[in-house]
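Chemist: next input, structure requested:
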Amino acid sequence: MLENKDFTDLLGIPFDEIKCWELVQEVYRRNHVSLPNYDEIPCIGEKYKYTGFAPVKEPSEGDICVYDLLGHGVDHAAVYLGNNMIIHATVPNGVCIERFSRYRPRLKGVYRYYGNTRH
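Modeler: Predicted structure coming up:
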C-alpha cells in the first residue's frame, strides 16, 4: 500500500509538534490519501459504516494499528511498515520507528483504509 516509504525527515520530530494521529495522516498524505480526523477512526464510536476503515486480524504494510498505552482505552495510533516495524510518535521519543511486537500486548485493533464510503 505504501508507495512512498521514506519518512526519514519525520524521525525525531517531537511529539508536541506532531501527535500520533497527525503522523498517521502525514504518512497517508505522502501516499496520496487524505484521512479523516482522529475522532472518526473506527474504534471510537460505531463509525465502520462510513469511515472507509475495515478491521483486519494481522497487519500488512500501510495498516493502521491502534493501541491502549495508558490503560484507559484507545489512545495511540501507528502505521505498520512491514517486517514487524511501525512508525509512530511518542511523548518520550517523538517520531520513531520501532518493532510492532514491542507494542503488540497493548494492541486494540488493526485497520485497513479502503477510502471514504460516505454517500
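Chemist: C-alpha only now, for contacts and for neighbours.
Modeler: Noted.
Chemist: name the residues linked to the most centrally placed residue in the chain by a beta bridge.
Modeler: Nearest to the mean C-alpha position of the chain, by C-alpha atoms, centre = their mean, lies A78 at 3.2 Å. For A78, the beta-bridge partners under DSSP bridges are C65.
Chemist: wait, it touches V66, no?
Modeler: Yes. With contact defined as C-alpha atoms under 8 Å, A78 reaches V66; the gap is 6.5 Å.
Chemist: how about the strands of this protein, start to end?
Modeler: Counting by DSSP state E, residue ranges of the strands within the chain are 53-56, 64-67, 76-82, 85-90, 94-99, 107-113.
Chemist: and the fourth one, which strands flank it?
Modeler: Using DSSP bridges, the neighbouring strands of strand 85-90 in the sheet come out as strand 76-82 (antiparallel), strand 94-99 (antiparallel).
Chemist: run through who's touching it.
Modeler: 14-15, 18-20, 23-24, 77-81, 94-100 (C-alpha atoms under 8 Å, 6 or more residues apart in numbering).
Chemist: contacting residues for M1?
Modeler: Counting by C-alpha under 8 Å, 6+ apart, M1 touches E61, G62.
Chemist: got it, and L10?
Modeler: Applying C-alpha under 8 Å, 6+ apart to L10 gives the contacts V95.
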